[in-house]
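K.L.:
need the 3D shape of this:
(3 chains)
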Amino acid sequence: MASNTSSAHQVVGKRLPRVDAKERVTGQAIYPADLSLPGMVHAKLLRSPHAHARIRSIDVAQAQALKGVLAVVTAADFPELPVGATIPMGETGYDMWMVAAINLARGKVHWVGQPVAGVAAVDGHVAEAALALIEVEYEPLPAVLDIAAAMTPEAPVLHEHVFTKGVEPRPRAPSNVCSRTVIARGHAARALEGAAAKQRIRVEVDTAHQGYLEPQVVVAQVGANGFATVWASTQGQFTAELMIARMLGMPQSRLKVVPLEIGGGFGGKIAIHGEAVAVRLAQKCGRPVKLTFTREEVLQGGSGPPAGARIDVAVGADHEGRLVAIEGTYCMDAGGLPGLSPSLLMQASAALYQTPNLNLQGYDVVTNKPRTEAYRGPGGIQAAFAMEQAMDALCQRLNLDPLEFRKRNAALTGSTMPIGTPFPSIGLTTILQRVGEHPCWTDPLTKGRWPRGRGLALGYWRGTSMTSAGHITIAGDGRPMVTMGAIDLSGTRTTMAQVVAEEFDLPIGDIHISTGDTKSVGYSDGAAGSRVARTMTAALVEASRDALAQLSRRAAEKLQCRTEDLGYARGVFRSHQVGGPAISLAELMQATLTDGAVVGRGVSTKLPLGVEIGAHVCDVEVDTATGRVTVLRYTAFQDVGLALNPAAVEGQIEGSVVQGLGWALTEGFDYGPDGRLRNASLLDYRMPTALDVPVIECVIVETPVPNVPYGVRGVGEVPIVPPAACVANAIARATGVRLTRMPMTPERVLRALEAAARS
Amino acid sequence: MRDFVYERPQTMAQALTLLTAGDAKVLAGGTDLIAQMREGRRSAGCLVDVKGIGELTRISMLPEGGVAIGAAASAAAVSRSAIAANYPAVAQSARLIGGVQVQNRASLGGNICNGAPSADGVPALVCHAAEARIAGSAGTRQVPLEEIFVGPGKIAIEASELLVSIVLPPPPARSAVAYLRFTPRREMDIAIAGAGTYIRLDQRGVIAEARVALASVAPTPMRAPLAEQRLVGERPTLALLEEVGRRAAHEARPISDTRGSADYRRSLVAVLTMRALGDCCGQLGIDVEATSK
Amino acid sequence: MKTLITCTVNGEERTALADTRDTLLELLRDRLGLTGAKEGCGNGNCGTCTVLVDGAAVCSCLMLAQEAPGHAIVTIEGLAKGGALHPIQQAIVEIGGTQCGFCTPGIVLSAKALLDANGLPTDAEIRHAIAGNLCRCTGYGKIVEAIHSAAATLGGR
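P.N.:
Modelled structure (predicted):
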């Protein structure tokens, strides 16, 4: 349930139903798997059974000869992309050789499940049979399956061209350590030594999965003139188009990507997985191709899970509980290809604390497992699992209330962020105050059969802005028709309809909104980094004002006055003179239909950040005989800047928290010694069911971002950051024992309790 | 997936003819079989859908006392049926198989014939001294249920035979059965370990008879005879139940796999056995502070 | 092999040419064009393929197309009557119990089966009824709230 979020607006800030909810509840929402085109054929990918191997040869002759097989492709059907060829993607760019490798291995395979060939056939049964006829000669190589093994000097090197970045002098030998990142100020080691109280913790986090319920599916069709249309479940249609075009060596004007509904992404559907292969198959066989992944494929190397990690943190404080130093070493498991830079997660773990001394080192390490991708605030939950537990342990050491400790050390507007710049307006102090006043903190812990405890953990995520574009045309009945460039991953069709309704002073029912494909709307980066609501708001505010300016000029001409003489309200341009002329948008459009379209355009690039901050409180019960942890109560406090739609904001928070609880308690990949995932099904990869989680109560705080339309902050990523640490802190308070491996499965909890009891 | 012929016989005789022809498998709820066939783990040229045969779906009270549960009756039907009154642990076990959707299709017969050591339906049935009624071309035989299990995925029922029903004798006076299992999530998981217990008290309140049936801790569902023997002749106390739990854990022969280590499974057996026995005591009006509640 | 299957879906008799190996899910999606039921896992562990068979919620990925004749099958497309949403659908819309929407058809049907049998369920009963329907977006809170609301609308008996 929401707290009272007052808003000075008519439509923005209101708890309105999603504009696209009806399609969802009636089964009319179309996802790529639902698409059926005349003549469509079915494609499947052949995947590597080895974690690390050279591909000596691939013989597709028998597969091609099978009745019902229409086309077979391997990496030989694609241009080889040089290392270093990047595509622009927001702030960091994306290496195409990695995108290509994720989609179809060339020369080597680096994880079980990596695709090596693709087949299109008349139906799925024939496609499966054809896969079995493709003969791949592999030369298996020794594999490394964990960070520690990968970092030893004797480890087999996955990529001969990868030399550790961020190390001076440049190393001469390739390494599995792809990069080293340092964020430091002051003298952390010395300050720690002299600290009145200090705590160290090492945590290990198993790889998990974003767990989107919709497996990857793509439909590709190539027209007679060679123009390709791709219907994808993607977080970014423009990014997808760029990746497909580069992988195929095709000019961007020869294809378009049409986003359909997406059944969850959470960061795992930013890169393409099969789209380019589907296009090449369609080119080869001249029929539309539908390429599908089974759930087993999704989990067994067919997609990019978030990174496992080994993180060491040390924190020290003075007698009054003021932090004097934070040290951290973050080793992130990138999987089979170099991964995301650890910089953001490092910053996130320390950002909320004021301290003069900071030394954070991050390492991106490759191992022979699927190449990792983002998962809501990538690295955040892993880093918080270490840092927030270290802080909590420090509180126990100092006998200091954990909330009081946070207040004492909280970053404020203007405090120095880890990267050295000052914090823009933030509301951490407000959040902490709200926590202290809330029953979830002030209610005494209820008693039960088993030990219970209450935990607190903070979360921070910077998010990103990048580019969003959209345009607004006005229909013949005067109603705005909005085309947004960014994918709706979090309910932004609704919130953006609210923004445009607000700008036009119209009811939300008057706004039509849709997401454009890559040839019908301006370039927009993918839906990720908690950026869409904020940046799309800015773009559509600009587009609204542009459209209204054009309308104003038309109205002035029709009413034979100057634009300055006109006011606009509730869909009507009215002369300022009492009794003066007026014209509604409908009348105006009818009167000027043949004068050309009214098109309002807007784009937002590099909008000032609206960083996300949250504080979570939970009560748990620990069955000390079995290790089962039950979360009894969970409250998430978050500063959202301005809640465009409280229901949407709550939905993001509740869902993201439950994802965090899943990784905290039951979700983790179990790799065998051969690099094969042993729990590649939703039976044994255990995501929370409705019975496994309590109601997640949300408390929304609003500290607007200055100089940004409506002051909106990102919402969707930070809620996943605190839950594991929050639960771990609660377990520590209940039992006196800290869990340092995530997920904190019942078996691990029981073992930790027993080990503590023995010592 | 290999192609197959689908048959839906109306009588047992028709079903047996199809099964005797070979390369045929029985289809009841399909919640194990269909998934396995699609994954290539099991295959058949003919699927014999037995849900149209009355004897296999009926749940009937027997004239001599006791009950016969049709092998293909759905778990949901079993849990809602009149057997819940006298066999609450069986009804409750049926509600543990998967979730609602699975229970609406899955059958106890299928749960048995899948031959998984983790079968949640089995321990409570074994504790009730259930027998399996099996039809073949040569006639019908009835054997103690626990003798059906030979190894993981292997049962002592020929491909040409058909499990018709599970027969339960009437529960003796002053007896109770309970089944508890441990899963990381509340539902939908395969049991990491499960313990079914049965005790019968004599007039003095002393345990006259006991059974302990364990799931997921051996190649098949297993009894724990040493644990059972420890119970007989004793009055139920918390200390006794704890000791019996430990004995059962010692008798268990679990492996380590992705779901849990052997050690953890043993730990769970000790706890679950103790708590299940505690539940039995609770059903009999004895409070030993050991229940799952 | 191909085989002709005739069955009753959403109150109508439907006939389609299917593969003998088709599951009910494939029959519905690929042969009858009823794409509301989804494939999330293919082995009964996610519930996105949930349909009602004779009023009971089942995973259509674990039922054969050839088993369909003789049963009354209801898919999500059969719920709204003449464009009017069923109270469960309406409540989910109003309260915000759907985000990406992939789990929604299955959850609506599981909820319908529940409310048809139990008009005033408790929180625990609702959560048990939808435990076989994974949702990754909402955290379940608003879905449970919506089902309570629908129960009240339906008169809660």
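K.L.:
and the nearest residue to residue A:149 once chain neighbours are set aside, how many neighbours?
P.N.:
Once flanking residues are discounted, residue A:149 sits nearest to residue A:155: 5.9 Å by Cβ to Cβ, 6 or more residues apart in numbering or on different chains. Heads up, the C-betas are built off the backbone N, CA and C, glycines and all. By other Cβ atoms under 10 Å in any protein chain shown, 19 other residues sit near residue A:155.
K.L.:
what's the helix or strand for residue A:155?
P.N.:
Element membership of residue A:155, judged by DSSP states H and E, is empty: it is in no helix or strand.
K.L.:
for it, what are its contacts?
P.N.:
Contact partners of residue A:155, counting by Cβ atoms under 8 Å, 6 or more residues apart in numbering or on different chains, are A:144, A:149, A:176.
K.L.:
make TSV out of the residues you listed and add distance to residue A:207 and pLDDT.
P.N.:
Formatted as TSV, these follow (distance: Cβ to Cβ, whole Å; pLDDT from 0 to 100):
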residue	distance to residue A:207	pLDDT
A:144	14	98
A:149	15	97
A:176	16	98
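K.L.:
show the pLDDT at the residue nearest to residue A:149.
P.N.:
Each residue has a pLDDT score; the one for residue A:155 is 97.
K.L.:
helix, strand, or coil at the residue lying closest to residue A:165 once chain neighbours are set aside?
P.N.:
For residue A:165, the nearest residue in space outside its immediate sequence neighbours is residue A:179; the separation is 4.2 Å by Cβ to Cβ, 6+ apart. Reducing the assignment to helix, strand or coil with DSSP: H, G, I helix; E, B strand; the rest coil, the entry for residue A:179 is strand.
K.L.:
burial of the residue of the stretch 51-200 of chain A found nearest chain B, as a residue count?
P.N.:
Closest residue of the stretch 51-200 of chain A to chain B, Cβ to the nearest Cβ: residue A:125 (6.7 Å). In terms of burial, residue A:125 registers 16 neighbours under the definition other Cβ under 10 Å.
K.L.:
do residue A:682 as well
P.N.:
Applying other Cβ under 10 Å, we find 25 other residues in the vicinity of residue A:682.
K.L.:
over to residue C:72?
P.N.:
For residue C:72, the count of nearby residues is 14 (other Cβ under 10 Å).
K.L.:
and it, what does it touch?
P.N.:
Applying Cβ under 8 Å, 6+ apart, we find residue C:72 in contact with C:8, C:11, C:52-55.
K.L.:
pretty sure the residue of the stretch 51-200 of chain A closest to chain B sits in a helix.
P.N.:
Yes. Judged by three-state DSSP, residue A:125 forms part of a helix.
K.L.:
relative to residue A:25, how far out is it?
P.N.:
For residue A:125, the distance to residue A:25 under the criterion Cβ to Cβ, to the nearest Å works out to 33 Å.
K.L.:
can you report how many residues neighbour the residue in chain C that chain B sits nearest to?
P.N.:
Among all residues of chain C, residue C:132 sits closest to chain B, at 2.9 Å; criterion: Cβ to the nearest Cβ. Burial measure for residue C:132: 28 neighbouring residues, criterion other Cβ under 10 Å.
K.L.:
that one contacts residue B:104, correct?
P.N.:
No. In terms of Cβ atoms under 8 Å, residue C:132 does not count as a neighbour of residue B:104; the distance is 9.6 Å.
K.L.:
what's the overlap in contacts for those two?
P.N.:
Shared between the contact lists of residue C:132 and residue B:104 (criterion: Cβ under 8 Å, 6+ apart) are residues residue C:57.
K.L.:
taking the stretch 151-293 of chain B, what residue is nearest to chain C?
P.N.:
Relative to chain C, the nearest point of the stretch 151-293 of chain B is residue B:187 (4.4 Å; Cβ to the nearest Cβ).
K.L.:
any idea how many residues pack against the closest residue to that residue other than its chain neighbours?
P.N.:
Taking Cβ to Cβ, 6+ apart as the measure, residue B:187 lies nearest to residue C:131, with 4.4 Å between them; neighbours along the chain are not counted. The burial count assigned to residue C:131 is 23, neighbours taken as other Cβ under 10 Å.
K.L.:
before we move on, what about residue A:189?
P.N.:
Under the neighbour criterion other Cβ under 10 Å, residue A:189 is assigned a count of 12.
K.L.:
so it is in which element?
P.N.:
Take DSSP H and E as the rule and residue A:189 turns out to sit in helix A:188-193.
K.L.:
check which helices and strands that helix sits against.
P.N.:
If contacts are counted by 3 or more Cβ pairs under 8 Å, 6 or more residues apart in numbering or on different chains; DSSP states H and E, helix A:188-193 sits against strand A:309-317, strand A:323-335, strand A:358-366.
K.L.:
immediately after that helix, which helix or strand?
P.N.:
As assigned by DSSP H and E, the chain's next helix or strand after helix A:188-193 is strand A:197-205.
K.L.:
what lines up beside that next one in the sheet?
P.N.:
strand A:309-317 (antiparallel), strand A:741-742 (parallel) (DSSP bridges).
K.L.:
okay, angle between the first one and strand A:323-335 too, please.
P.N.:
Between strand A:309-317 and strand A:323-335, the angle formed by their directions is 180 degrees, by axes from the mean of the first three to the mean of the last three Cα atoms, to 10 degrees.
K.L.:
send me strand A:309-317 as PDB with only the CA atoms.
P.N.:
What follows is strand A:309-317, C-alpha atoms only, in PDB (Å, rounded to 0.1, in the frame of the first residue of the first chain):
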ATOM      1  CA  ALA A 309      30.900 -12.600  -7.200                       C
ATOM      2  CA  ARG A 310      33.500 -12.800  -4.500                       C
ATOM      3  CA  ILE A 311      33.600  -9.600  -2.500                       C
ATOM      4  CA  ASP A 312      35.700  -8.500   0.400                       C
ATOM      5  CA  VAL A 313      34.800  -5.500   2.400                       C
ATOM      6  CA  ALA A 314      36.300  -3.800   5.400                       C
ATOM      7  CA  VAL A 315      34.800  -0.900   7.300                       C
ATOM      8  CA  GLY A 316      36.100   1.100  10.200                       C
ATOM      9  CA  ALA A 317      34.600   3.700  12.500                       C
END
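K.L.:
what pLDDT, on average, does that strand get?
P.N.:
Taken as a whole, strand A:309-317 has a mean pLDDT of 98.
K.L.:
related to what we said a few turns ago, in contact with the residue nearest to residue B:187, which residues?
P.N.:
A:689-691, B:99-100, B:186-188.
K.L.:
any chance you could map the helices in the stretch 51-200 of chain B?
P.N.:
B:54-57, B:75-80, B:83-86, B:88-94, B:100-103, B:108-113, B:122-127 (DSSP state H, counting those that start in this stretch).
K.L.:
ok, now chain C?
P.N.:
With DSSP state H as the criterion, chain C has helices at C:24-26, C:87-95, C:104-117, C:123-129, C:141-153.
K.L.:
ok, the residue nearest to residue B:78 when sequence neighbours are not counted - contacts?
P.N.:
By the measure of Cβ to Cβ, 6+ apart, the closest residue to residue B:78 outside its immediate chain neighbours is residue B:94, 4.4 Å from it. Counting by Cβ under 8 Å, 6+ apart, residue B:94 touches B:75-76, B:78-79, B:103, B:108, B:121.
K.L.:
out of those residues, which is most surrounded?
P.N.:
With neighbours defined as other Cβ under 10 Å, the most crowded of those is residue B:108; it has 33 neighbours.
K.L.:
next, the residue lying closest to that residue once chain neighbours are set aside: phi, psi?
P.N.:
Counting by Cβ to Cβ, 6+ apart, the nearest residue to residue B:108 once its immediate chain neighbours are dropped is residue B:121, at 4.6 Å. Backbone dihedrals for residue B:121, given as degrees, to the nearest 10, come out at phi -80, psi -20.
K.L.:
so residue B:121 sits against residue B:111, correct?
P.N.:
Yes. With contact defined as Cβ under 8 Å, residue B:121 counts as touching residue B:111 (4.0 Å).
K.L.:
what do these two both touch?
P.N.:
Residues touching both residue B:121 and residue B:111 by Cβ under 8 Å, 6+ apart: B:75, B:97.
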